[in-house]
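Peer 1: One predicted model, sequence on top.
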Amino acid sequence: MKFSRLASAVLLSVAASSGCRETEPLPKTPVRTASSKPVVAPLSAQDNESTEAQRIDWGSFSSTSLRNPNDGSLVGGVPLPLSARGLQFNPKRDPAARFGTVEVVRALVNAARTVDTELGSRPVTINDLSYENGGPIPHHGAHQNGRDVDVFFYQLGPGGKPIESVGAFFDPNGIGVDFRDLTDPSDDVELRLDVPRTWRFVQALIEDEAANLQSIYLAEHLRSLLLDYSRKHGAPESTVARFAEMTCQPEYPHDDHFHFRFYCSADDIGAGCRDSAPLYAWRKKALAEVGAQSRPLLPKRERARTKTVSHEEARQAAGPLDPEVERWLDRRKEWRDPPHPGRRYCR
């Protein structure tokens, strides 16, 4: 039994402000064959990519995100590739939940490719985006219109070597554990947050102006680790400043994965896409340049609500646990329960 069971059955609850949690695999929903396979073009001769045999033709897609992230729909949803250079969709998740806007899916593919090109890596693991047509997803408060995505951090295993990411949460020193069998301490594997690769992925998303990244839901202590690294290693000041402003620890701390949210595209705003707060000055300027104006969220309808589970309910349902697992769960209260730091827009 992998740590992902602990993440889904013991640790996670929905945060109303982020609408995000890791859960058991989603129930199957039909996926239309016609739009499930991206249109692609052959790679050029100089490309020798072992994990990506084809390059996606982004111009062949047309998507529209409608209404709110927590009450919306998606037209022409673009499927994230099950695998691409430096990227994999989590094989333990339901592929019916791997659809996003063309801007979001393109940004994820390009960011993963950047990390792999510059640093080499095990593929980053992408979890849920949205259903092909959007709408409510069990155990997610948002992820309804193609502009939210959950992503595991890059991780290092024994000997400091890159390892396939699991749903482990990380402490203020960037240390985590893959507990595997939750009742047997002998198979525990210590993990370390791979800060350089994790930062480079985030940096690529922020600097992709076409992606329009809005918010990064992340535990405060992991935000600090990434900020320290970016400043010490000469990341562009504008990128670091934007990261510092758009990251926030919501009610659920997000210490085992990122939740990224992207703004509506200008075209989608015209079709009825609505943005949650905050609306930054740089965003207002970009919209003004194309003659667009962001619209506030619409009231959430009852039909958009999904079932949620509290920390306490999930932990009780998990059954007997190894004492070391219990110790880590108790430690987690150190950064789960303190009040938010009070930064602007931190909700």
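Peer 2: Right, received. Where do you want to start?
Peer 1: Quote the end-to-end distance of stretch 145-159.
Peer 2: 41 Å (C-alpha to C-alpha, to the nearest Å).
Peer 1: Give the buried residues for that stretch.
Peer 2: For stretch 145-159, the neighbour count (16 or more other C-beta atoms under 10 Å) marks 145-157 as buried. C-beta: built from backbone N, CA, C; applies to glycine.
Peer 1: what distance separates it from the middle of the whole chain?
Peer 2: 6 Å (C-alpha atoms, centre = their mean, to the nearest Å).
Peer 1: What of stretch 207-214?
Peer 2: The chain centroid and the centroid of stretch 207-214 are separated by 14 Å under C-alpha atoms, centre = their mean.
Peer 1: One more: stretch 231-249?
Peer 2: With C-alpha atoms, centre = their mean, you get 18 Å for stretch 231-249.
Peer 1: Below-threshold pLDDT in the stretch 51-200 of the chain: ranges please.
Peer 2: 51-54 (pLDDT under 70).
Peer 1: Which of the buried residues of stretch 145-159 fall in strands?
Peer 2: If you go by DSSP state E, those have Asp148, Val149, Asp150, Val151, Gln155, Leu156 in strands.
Peer 1: How about the contacts made by the nearest residue to the second one once chain neighbours are set aside?
Peer 2: Translated: Val149. Once flanking residues are discounted, Val149 sits nearest to Leu129: 4.8 Å by C-beta to C-beta, 6 or more residues apart in numbering. Residues in contact with Leu129 (C-beta atoms under 8 Å, 6 or more residues apart in numbering) are Leu80, Ala97, Arg98, Phe99, Gly100, Val104, Val105, His143, Gly146, Asp148, Val149.
Peer 1: Determine the longest helix present in this structure.
Peer 2: Taking DSSP state H as the criterion, the chain has its longest helix at helix 102-119.
Peer 1: Contacts made by it with the rest, please.
Peer 2: Contacts of helix 102-119 (C-beta under 8 Å, 6+ apart): 51-52, 56, 58, 61-63, 76, 78-81, 84-87, 100, 121, 123-124, 126, 129, 146-147, 149, 151, 154, 196-197, 200-201, 204-205, 208, 210-213, 262, 265.
Peer 1: What are the buried residues along it?
Peer 2: Quick answer for helix 102-119 (16+ other C-beta under 10 Å): 102-116.
Peer 1: what's the following helix or strand after it?
Peer 2: The element immediately downstream of helix 102-119 (helix or strand, assigned by DSSP states H and E) is strand 124-126.
Peer 1: packing partners for that following strand?
Peer 2: Under the contact definition 3 or more C-beta pairs under 8 Å, 6 or more residues apart in numbering; DSSP states H and E, strand 124-126 sits against strand 87-89, helix 102-119, strand 148-151.
Peer 1: Need the residues that contact that strand.
Peer 2: 80, 86-90, 98, 108, 112, 115, 149-152, 154, 164-165, 197, 201.
Peer 1: Quote the end-to-end distance of stretch 256-270.
Peer 2: 35 Å.
Peer 1: Let me see the mean pLDDT of stretch 246-259.
Peer 2: Averaged across stretch 246-259, the pLDDT comes to 90.
Peer 1: Quick check: of the ones in strands among the buried residues of stretch 145-159, which lies closest to Asp330?
Peer 2: Using C-beta to C-beta, Gln155 comes nearest to Asp330 of those, at 22.5 Å.
Peer 1: Surely that closest one is in contact with Val195?
Peer 2: No. Using C-beta atoms under 8 Å, Gln155 makes no contact with Val195, being 10.4 Å away.
Peer 1: Now do the helix or strand harbouring Glu313: distance to the chain's middle.
Peer 2: Counting by DSSP H and E, the element that carries Glu313 is helix 311-317. In terms of C-alpha atoms, centre = their mean, the centre of helix 311-317 is set 23 Å apart from its chain centre.
Peer 1: Kindly export it (C-alpha atoms) in CSV.
Peer 2: Extracted in CSV, the C-alpha atoms of helix 311-317 (Å, rounded to 0.1, in the frame of the first residue of the first chain):
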residue,chain,number,x,y,z
HIS,A,311,-9.2,15.7,8.5
GLU,A,312,-10.7,13.9,11.5
GLU,A,313,-13.2,11.8,9.5
ALA,A,314,-10.5,10.8,7.1
ARG,A,315,-8.0,9.8,9.8
GLN,A,316,-10.7,7.8,11.6
ALA,A,317,-11.6,5.9,8.4
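Peer 1: Report how many residues lie close to Leu279.
Peer 2: 16 (other C-beta atoms under 10 Å).
Peer 1: Contacts only, for it.
Peer 2: Counted by C-beta under 8 Å, 6+ apart, Leu279 has contacts Ser294.
Peer 1: backbone phi and psi for it, please?
Peer 2: phi -120, psi 100 (degrees, to the nearest 10).
Peer 1: I'd like the contacts of Leu129 written out as CSV, with distance to Lys307 added.
Peer 2: Putting the contacts of Leu129 into CSV (distance: C-beta to C-beta, whole Å) gives the following:
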residue, distance to Lys307
Leu80, 25
Ala97, 16
Arg98, 22
Phe99, 21
Gly100, 23
Val104, 25
Val105, 27
His143, 14
Gly146, 22
Asp148, 18
Val149, 21
